[in-house]
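# missing the sequence, but the structure's below:
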């Protein structure tokens, strides 16, 4: 019964995240950060670790952040399913030779009641085209992820999706980088 309740919460959180997806954030003054519980900060730290695995070009660490039966591109008609297939499809991004992808959380939320093993995270993402001939170097988007805490206590991404990135100038890319917090804003 607990699994059914948790999975129902995961589905509702995933649907909510996709439904709430709007156009990527524009460079605006930095809002006051949300205050989070220590449990939400665990997910925050895990999200930063997930992003760091890509920054470090560490395919093994990247895969370790993904639930075995995860779905990426969750709002798409044909999401990428399963850790192995996701890792294969993301290999070029993790390798980072043509495109550099960066992201960080601005909010994490733990599920209520019996769904405390489910969490949602969101924040901005920066795509940097590394081709020196590129006419549009930077694009900013957003991500939404649903995390699940396994029996081993480790948080892993179960559903992931994002907002299509929009072209931006270097100033907005700089603002994105300056907006990254390495410490979770605890309550």
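All right, it came through fine. Remember, it's a predicted structure, so these values are computed and weren't measured experimentally.
# show me which strand runs longest in this protein.
Identified as the longest strand of the chain according to DSSP state E is strand 155-168.
# what residues sit buried inside that strand?
Going by neighbour count (16 or more other Cβ atoms under 10 Å), the buried part of strand 155-168 is 155-163, 165, 168. Bear in mind the C-beta positions are built from the backbone N, C-alpha and C, glycine included.
# again with stretch 56-73
Counting neighbours by 16+ other Cβ under 10 Å, stretch 56-73 gives 59, 62-63, 65-67, 70-73 as buried.
# do a quick rundown of the helices in the protein.
Using DSSP state H, the helices of the chain run over 2-19, 38-55, 59-64, 83-95, 170-178.
# which of those helices sits most buried?
Mean neighbour count, computed with mean count of other Cβ atoms under 10 Å, is highest for helix 38-55 among these, reaching a mean of 19.
# now that helix: mean pLDDT?
If you average the pLDDT over helix 38-55, you get 97.
# do the same with stretch 92-103
For stretch 92-103, mean pLDDT rounds to 97.
# let me know the pLDDT of the nearest residue to residue 104 once chain neighbours are set aside.
Of all residues not flanking residue 104 in the chain, residue 180 sits nearest, at 4.6 Å (Cβ to Cβ, 6 or more residues apart in numbering). In this model, residue 180 is scored at 94, pLDDT.
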